[in-house]
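*Asks:* Quick one: sequence plus predicted model below, questions after.
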Amino acid sequence: MKLKVALLPGDGIGPEVIDEAVRILKTIGELCDHDFEFIEKLIGGVAIRDCGSPLPVETLDACFASDAVLLGAVGAPRYDDLPPDKRPEAGLLTLRRALGGYANLRPVVFYDALAPSSPLRPETARGADILIVRELLGGLYFSEPRGFVVEAGKQIAAYNTLRYETYEIERVAHIAFQAARQRRRKVTSVDKANVLETSQLWRETVTRVAASYPEVSLEHLYVDACAMRLVTHPQRFDVILTENLFGDILSDEAAVINGSLGTLASATIGGAIDLYEPVHGSAPDIAGRGIANPIGAIASAALMLRYTAHLEQEASDIETAIRQVLDAGYATPDLQSEATRCVVGTAEMGQLITEALAEIVDRRRAYHAV
Ligand SMILES: NC(=O)C1=CN([C@@H]2O[C@H](COP(=O)(O)OP(=O)(O)OC[C@H]3O[C@@H](n4cnc5c(N)ncnc54)[C@H](O)[C@@H]3O)[C@@H](O)[C@H]2O)C=CC1
Ligand SMILES: CC(C)CC(=O)C(=O)O
Ligand SMILES: [Mg+2]
C-alpha cells in the first residue's frame, strides 16, 4: 500500500508527539511492506513566525497533494492577543474547512491499566467505550456574522452566530448511525433543544435520519445532562452525536475517563482529504520538556491506517501495542499513579510502543508460518 501523508506538527508539544506517530508509521511500513511517504509543512504559530500566515498556501497545496493529513496541535501564548482570524487556531479552522471533513470521530476507550490514573471510580470507568461524532464545519466556530462592535475606538460588544443548515446535520447524523450499526447500535444525540432553535432543528433532523436505521436506537439528551452523565455513567454511551462546540467540550471532558487528554485520538472524514489529529492542544505548560503523552497522536496514526488506508490489521496492531505498554506499567507523567512501574518521556513511550508493535507483527508471522 502506498500512502502519502502531509505532516503538520504545529506548535508546542505538536512536533514532539508527531515524531512518535511517524516513528510508528515508519515501523509498520517497514514491517508490513507499505510505502508511506511524508511531507512536512508549517501550520499555526510557527507558520505565522516564518511565513506571516497561520496556514500558508504551500501547506494547503501539500495537503491537497496527499492522501491524508496528520496534525499535531496549534496555539501558543505569544499569539493569544491577536484577533481570532489571525491566531494560530484560525489556521486549523481554515484547514478543516478547506479539506471539507465534516465528521470528527473521537473514540474514547477505557484502558484497564489506567484505572488508577482516572479520577473516576474503577467500576464507573471500566468498560467505557464511546465514539463521539462531532460536527466539525458548522455552528459557532464558522457561522457568520461574527465580530466586535466598536464605538469611539472602544470594544463595547462582541457576537458570534450559531447556525446550522439541515444538510449539515443530516450528513453527520448518517455517519453517526452508520458507525453505531457497527458497534452497540445506540446513538445519543446531544443538544440544547429546550433553549436553542438550532438544537430544535438538530433534534428534528436527527430523528428523521434515524428512521433509515431501524436497528439503531436513538435517544436525545441535553448537553448539560450529558456532561454530568459522561462522568457518572460513561458506560451507558455508545455513539454520541453532537454539534461542533458541544463536541469540543464533551470530548475533553471524556478524556478524564482515562485520566489524561493525552490519550485521545481523532479522525475527520467526509471531505476531500481526511485529517487526523490528537484531541489535545499544544500544551504550552509542558512543551519542550519531552514529557508529553504521544498516545493520542500514535492512536490518530492508527485511525489513519483504518479509515484512509483501510489497513485494519495494522491499525488494530498499533492499538494493541499501546494497550500492552500501558498494561506493562509504563506511563508518561500525566498518567502516573501508584500502579506505574516506570515513568517515561515522550520518545521512550513512542519507542516502547514501536517495540511492542514489532513483536506483535513478528508473532503473527510466526503463527501463520507454522
Ligand atoms: N487541535 C488543536 O490544535 C488545539 C489547540 N489548542 C490550543 O492549545 C493551546 C493550549 O490550550 P489548553 O487549553 O492548555 O489545552 P491543551 O489541550 O493544550 O492542554 C490542556 C491540559 O492538558 C495537558 N495535556 C494536553 N495534551 C497532553 C499530552 N499529550 N500529554 C500530557 N498532557 C497533555 C496540558 O499539559 C494541559 O495541562 C491554546 O493555544 C489552544 O488554543 C487547544 C485545543 C486543541
Ligand atoms: C480550533 C481548536 C483550537 C478547537 C479545539 O479545541 C478542538 O478542535 O478540539
Ligand atoms: Mg478541543
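*Replies:* That came in fine, so what should we check first? Numbering: from 1, shown residues only. Ligands and ions are numbered 1, 2, ... in the order given.
*Asks:* distance between the ends of stretch 300-319?
*Replies:* Start-to-end span of stretch 300-319 (CA to CA, to the nearest Å) is 10 Å.
*Asks:* hmm, who's touching that stretch?
*Replies:* The contact list for stretch 300-319, computed with CB atoms under 8 Å, 6 or more residues apart in numbering, reads 1, 3, 5, 21-22, 24-25, 28, 32, 34, 67-68, 70, 105, 107, 265-267, 269, 274, 276-278, 298-299, 353, 357, 360-361, 364. Placement of C-beta: from N, CA and C, glycine included.
*Asks:* Which ones, among those, also lie beside ligand 1?
*Replies:* residue 277 (CB under 6 Å from any ligand atom).
*Asks:* Report the buried members of the contacts of stretch 300-319.
*Replies:* Taking 16 or more other CB atoms under 10 Å as the criterion, what is buried in the contacts of stretch 300-319 is 3, 5, 21-22, 24-25, 28, 34, 67-68, 70, 105, 107, 265-267, 269, 274, 276-278, 298-299, 353, 357, 360-361.
*Asks:* Strands - which of those residues land there?
*Replies:* Under the assignment DSSP state E, these contribute 3, 5, 68, 70, 105, 107, 267, 269, 274, 276 to strands.
*Asks:* Let me have the residues you listed in TSV, extended by pLDDT.
*Replies:* Putting these into TSV (pLDDT from 0 to 100) gives the following:
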residue	pLDDT
3	98
5	98
68	98
70	99
105	98
107	98
267	98
269	98
274	98
276	99
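*Asks:* Could you list which of the residues you listed also contact ligand 2?
*Replies:* Contacts with ligand 2 are made by none of these, judged by CB under 6 Å from any ligand atom.
*Asks:* And the residues you listed, which is closest to residue 338?
*Replies:* When these are compared for distance to residue 338 (CB to CB), residue 107 wins out at 27.0 Å.
*Asks:* Enumerate every residue touching that closest one.
*Replies:* By CB under 8 Å, 6+ apart, the neighbours of residue 107 are 130-132, 264-265, 299, 303.
*Asks:* Export those as TSV, with columns for pLDDT and distance to ligand 2.
*Replies:* TSV is the format used below for the contacts of residue 107 (pLDDT from 0 to 100; distance: CB to the nearest ligand atom, whole Å):
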residue	pLDDT	distance to ligand 2
130	98	16
131	98	16
132	98	11
264	98	10
265	98	12
299	98	15
303	98	15
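*Asks:* Tell me the one of these nearest ligand 1?
*Replies:* Distance to ligand 1, by CB to the nearest ligand atom, is smallest for residue 264 among the contacts of residue 107, at 8.9 Å.
*Asks:* Show me where the chain has its helices.
*Replies:* 14-32, 45-51, 57-64, 88-99, 122-125, 166-181, 197-210, 223-232, 244-254, 295-307, 312-327, 346-369 (DSSP state H).
*Asks:* Could I get the buried residue list for the second one?
*Replies:* For helix 45-51, burial by neighbour count (16+ other CB under 10 Å) applies to 45-48, 51.
*Asks:* okay if I get the residues you listed as CSV plus pLDDT and distance to residue 250?
*Replies:* Output for the buried residues of helix 45-51, formatted as CSV (pLDDT from 0 to 100; distance: CB to CB, whole Å):
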residue, pLDDT, distance to residue 250
45, 98, 27
46, 98, 29
47, 98, 29
48, 98, 30
51, 97, 34
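*Asks:* Taking those residues together, which two end up most distant?
*Replies:* Farthest pair in the buried residues of helix 45-51 (CB to CB) is 45 and 51. Separation: 11.2 Å.
*Asks:* contacting residues for the residue nearest to residue 203 when sequence neighbours are not counted?
*Replies:* Among residues not flanking residue 203 along the chain, residue 193 sits closest, at 4.6 Å (CB to CB, 6 or more residues apart in numbering). Residues near residue 193 by CB under 8 Å, 6+ apart: 199-200, 202-203, 220, 222.
*Asks:* What's the separation between residue 193 and ligand 2?
*Replies:* Separation of residue 193 from ligand 2 (CB to the nearest ligand atom, to the nearest Å): 23 Å.
*Asks:* try residue 248
*Replies:* Relative to ligand 2, and taking CB to the nearest ligand atom, residue 248 is found at 5 Å.
*Asks:* Residue 153 too?
*Replies:* Shown here: residue 153 relative to ligand 2, a distance of 29 Å by CB to the nearest ligand atom.
*Asks:* Number of residues surrounding that residue?
*Replies:* For residue 153, the count of nearby residues is 5 (other CB atoms under 10 Å).
*Asks:* again with residue 314
*Replies:* Neighbourhood size, residue 314 [other CB under 10 Å]: 24.
*Asks:* Thanks a lot, catch you later.
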